[in-house]
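Asks: pasting a predicted model and its sequence here:
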Amino acid sequence: LRKESKGIDYIVLWLDCDREGENICFEVLSVVSKNLKNRNQVYRAKFSSLTPHDILQSFSKLGRPNENEADAVDVRQELDLKVGVAFTRFQTRYFSGKYGDLDSTLISYGPCQTPTLGFCVDRYDKIQTFEKQSFWVIEPTIEVLDSLPLKPLKWSRSKCFDQSVATLLQSVLSSKLKSNGYKVLSIEKKRGSKGKPVPLNTTALLKYCSTSLNMSPTQTMHVAEHLYISGYISYPRTETSSYSPHFDFMYVLNQLSSRDSVYFDYIDSLKQIGIKPSAGGSDAGDHPPITPMKLDDNSLSGDEWRVYDYVVRHFLGSISPGCEIEKVKVTISIDSDTWSWSGKRVVAAGWTLIMPWLTPKDVVPGEAGLNITADKLKITELNIREGETQPLDYLTESELITMMEKNGIGTDASIPTHINNISQRNYVRLDSGRRLVPTKLGIALVRGYYKIDRELVLPTVRAAVERSVDMIAKGKINKEVVRQHMINIFTLKFGYFESNINKMDEYFESSFSALKDTVSSLRSKCGRCKRYMKYLPLKPSRMYCEVCQETYNLPMNTSVKLNKGLQCPLDDFDLLIVNQGEKSISVCPFCYNHPVLEGMKEHSGCNECVHPMCRHSMINNSVCVCPECEVGMVVLDANSGPKWKMDCNKCNLVVKLPEGIFKVERRKEVCEECGANKVVIDWNKKANPLGEGAETKYMCCVRCDELLKDKVSSGMNKTFFRSGGRGRGGKRGGKRGGKRGGRGKRSHD
């Protein structure tokens, strides 16, 4: 940026048009300010899409960057960072060394994340404390001439929770029905409409994609941002749900009007009858609603197409005529008890033609439709139905987004991140229907916060922070006043929390097992403090260092033992042998969790290590490219003796070498036929296939040598050998082998 800004006269800032974008504007200015000739020649472009039309329009209305909005972002970021780090560090260090089955290496707190979790646990508590109650409902059977009975009916008493009272009431009403009959109090008919969708904002998009497309909020925003960058939709982060009076609807419709488009017929008819934009929604003053910007040229597929298609249909629905409905309500009575039935049918589909999944379902008694008159009604019997009250279900992502929005937790940009965090950190698990079920860790945390300081989990404090930040953005209060005030509040809260952490610990004690009850006898040295770490054979299994207070996860569903006291040359941690079925790999606890070499991925064992000097690494033990998956490397398992084997570090290929081998070493020499590294096999004297008294060391290619192929166990994977390979073509003691097809010369050196 400094290089590009040399000698410029003007700077126009085209960052995202939200507070975060405004903040980045001033970061850019801080970098290039020395090269600016005149600070008055700094301009800000406001735009919501990347179409040529909008870019040119934005260029014609350049403004100035807003420092108040940038300050608001700075204050919020500083508060979130300081508060989050302080509480997270303290909680993590306090709890990670106390409980063996606490399956989390990070116990985080966040001013937005924790209230988000609080909503989920609050619903969980309501479900757990809910007591089901039996109830009884009296339902008359109301028949309609030449049609079906009217169902369902709504009773004026709703429910009766005493069976004896309900039975008595049924008897009394049955007598009244026989003696006095019933009355049709009213048959009300009227026209109505189903409200069209308001213009689309971010939270509405997130809720629809979660409920209807089974996409997480994070995934939805990733897709929407890609569609925006590609020019298919307008800026996807907006809280506004109303169109500007100057919005150019015809421009957007013309962009979507192509005879090849699936929307062409609908758009054509819409142009003829005229657009009717939705009058609902609100203007948050940030960006226009999310709208399509250009027609898909058949390049979109999968999630991108599904999100784009919804954005287009929602936009068209929001400017279409209303959905007209005919309604009828029938009310009858027996003595003082009344029942009502409501029916409806669609008269004019309107906007639901383009959004058919939202079309109201017709509720009519039969083919006669809603042509109901009093003389056609008849009550034939009075029944009693038993039911049971049901608790609410766990919160869905869509419901959680609504609660966060209502309580001012997060912004349209950060809501997906907060929901993703509580899931990734094992505070909630995602159940069917995208419902969020709290884990015992999430429950213990929230209940602990409630016991120590309720405001740490309630949304009230965060809402107060957001209100103060809004005032900074509007220039109504100085940022330093807000920053210092909030820092003082959370400093006091942290001190109180720290001194009362034992109250939260009570919930952890009842939910998790103490470390002493879960450790095994296995001990391995920590490379940092040189003290012994404890092995926790749980799920996930892990090593724990009490001195460093660090936890190191190990591969899932494995058995673990020490690797002969060997250590990793990179960090001095004791190496472990991890058994996974037929395969066993050497693992360094530190490298497995924190890979230090470029090219190594997290959760990699020594069979994927690229250290050139470590004798346990893949570099020094790999034999050849795996012939099965053609991705991994076949690596010699240096810990498998006396039943020596090699296995692929990517797939399930296991190569079992013959029995009777004392030692196997991989060599740098390469087979001329297949390119595999040769190995030196040292046979046991009594099991030497080369004959009694012969040299025991034998260098060969394991893929081409016929001697190995003949001696291999039945568990050997036959695809490993090359067809038509060389004969017993190695030399013993590290010398080059003989000619193809014959026994190599024996080594006597």
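Replies: Arrived safely.
Asks: how much space between residue 530 and residue 614?
Replies: From residue 530 across to residue 614, the span is 20 Å (CB to CB, to the nearest Å). For the C-beta atoms, the positions are set from N, CA and C on the backbone; glycine is no exception.
Asks: who's more crowded, the two?
Replies: Between residue 530 and residue 614, residue 614 has the larger neighbour count (other CB atoms under 10 Å), namely 20 against 9.
Asks: which helix or strand contains residue 566?
Replies: Residue 566 is part of strand 559-567, with elements assigned from DSSP states H and E.
Asks: direction included, what does the helix or strand just after that strand pair up with?
Replies: For strand 559-567, the following helix or strand on the C-terminal side (DSSP H and E) is strand 574-580. The strands beside strand 574-580 in its sheet (DSSP bridges) come out as strand 559-567 (antiparallel), strand 583-587 (antiparallel).
Asks: in CSV, list the ones you listed along with distance to residue 216, mean pLDDT and mean neighbour count.
Replies: Converted to CSV, the strands paired with strand 574-580 look like this (distance: least, CB to CB, whole Å; pLDDT from 0 to 100; neighbours: other CB atoms under 10 Å):
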stretch, distance to residue 216, mean pLDDT, mean neighbour count
strand 559-567, 34, 82, 15
strand 583-587, 32, 86, 23
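Asks: so can I have a markdown table of those showing distance to residue 522?
Replies: What follows is the strands paired with strand 574-580, written out as a markdown table (distance: least, CB to CB, whole Å):
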| stretch | distance to residue 522 |
| --- | --- |
| strand 559-567 | 6 |
| strand 583-587 | 13 |
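Asks: chain center to the host helix or strand of residue 444, what's the gap?
Replies: Using DSSP H and E, residue 444 sits in helix 440-452. Put simply, helix 440-452 sits 23 Å off its chain's centre (CA atoms, centre = their mean, to the nearest Å).
Asks: who are the packing partners of that helix?
Replies: helix 113-129, helix 501-511 (3 or more CB pairs under 8 Å, 6 or more residues apart in numbering; DSSP states H and E).
Asks: run the angle between the shortest one and helix 440-452 for me.
Replies: Okay, so that is helix 501-511. Per axes from the mean of the first three to the mean of the last three CA atoms, to 10 degrees, the angle that helix 501-511 makes with helix 440-452 is 150 degrees.
Asks: residue ranges in the chain under the pLDDT threshold?
Replies: Applying pLDDT under 70 to the chain flags residues 49-51, 97, 100-101, 103, 285, 366-369, 515-521, 710-749.
Asks: longest helix anywhere in it?
Replies: Criterion DSSP state H: the longest helix present in the chain is helix 67-95.
Asks: helices or strands up against that one?
Replies: helix 19-32, helix 459-473, helix 479-499, helix 501-511.
Asks: helix 440-452 and the third one, what's the angle between them?
Replies: If you take the same axes, to 10 degrees, helix 479-499 sits at 100 degrees to helix 440-452.
Asks: what comes up buried for helix 479-499?
Replies: By neighbour count with 16 or more other CB atoms under 10 Å, helix 479-499 contains the buried residues 479, 482-483, 486, 489-490, 493-494, 497.
Asks: what is the neighbour count of the closest residue in space to residue 296 that isn't next to it in sequence?
Replies: Closest residue to residue 296 apart from its sequence neighbours, by CB to CB, 6 or more residues apart in numbering: residue 308 at 6.1 Å. For residue 308, the count of nearby residues is 20 (other CB under 10 Å).
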